[in-house]
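# mind folding the following:
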Amino acid sequence: MSASCCGSNMDLDDAGTSIVLARSELLRTRAKALRRGLWFRVLTGIERTMLNLAIRVVRDCIKGALLARLVRAVITKLIWAMESRLARMVKENGRPLAAKLSRIALGWGNKSALRWAGDVAFMQYLAMLHVNSPDAPS
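Residues are numbered from 1 along each chain as shown. Next up, the predicted model:
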């Protein structure tokens with residue numbers, strides 16, 4: 001039941017997160033969603049039923065393209081709901097700001113600015129600055 005059995009069924013979602021469609025990963029994601037109280041709050045009855053049936057029927061990995069696409073959409077929805085607000089702000093605001101500031105500083109000749117674009121603490125700082133600025137959208 002390793003994740004390597006999925007081969008082509010390991011993709012990146014829109015946010016760049018890898019989604020493995022192995023049965024073990026589906027079980028793990030369902031358990032996390034249930035623990036956090038998101039299973040019933042975030043998913044519709046049809047989505048819950050589809051995931052439960054996929055877990056029940058699939059032995060190792062989802063191989064069918066249609067089922068893989070449908071399950072991937074539901075798993076992406078759960079992953080987004082489980083993500084913390086700060087992580088979302090970093091992804092949406094901090095990362096682009098860090099990349100932009102890094103490019104500007106590199107243009108000015110600051111060689112150490114190359115690391116800024118990948119510095120998570122810097123991205124968090126910029127995300128918090130952006131959210132707390134008076135002209136930031138709510």
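# in this protein, which spans are strands?
10-12, 18-20 (DSSP state E).
# the ones you listed: lowest mean pLDDT?
Note on these: strand 10-12 shows the lowest mean pLDDT, a mean of 51.
# show me what counts as buried in stretch 116-131.
116, 117, 122, 123, 124, 126, 127, 130, 131 (16 or more other CB atoms under 10 Å). C-beta coordinates here come from the backbone N, C-alpha and C atoms, glycine included.
# pull the CA atoms of it into CSV?
What follows is stretch 116-131, C-alpha atoms only, in CSV (Å, rounded to 0.1, in the frame of the first residue of the first chain):
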residue,chain,number,x,y,z
TRP,A,116,14.2,35.9,0.5
ALA,A,117,11.8,34.3,-2.0
GLY,A,118,12.1,30.9,-0.2
ASP,A,119,12.3,32.1,3.4
VAL,A,120,9.1,31.0,5.2
ALA,A,121,9.5,33.3,8.1
PHE,A,122,9.9,36.3,5.7
MET,A,123,6.8,35.2,3.9
GLN,A,124,4.8,34.9,7.2
TYR,A,125,6.0,38.4,8.2
LEU,A,126,5.0,39.9,4.8
ALA,A,127,1.6,38.1,5.0
MET,A,128,0.9,39.6,8.4
LEU,A,129,2.0,43.0,7.3
HIS,A,130,-0.3,42.8,4.3
VAL,A,131,-3.3,41.6,6.3
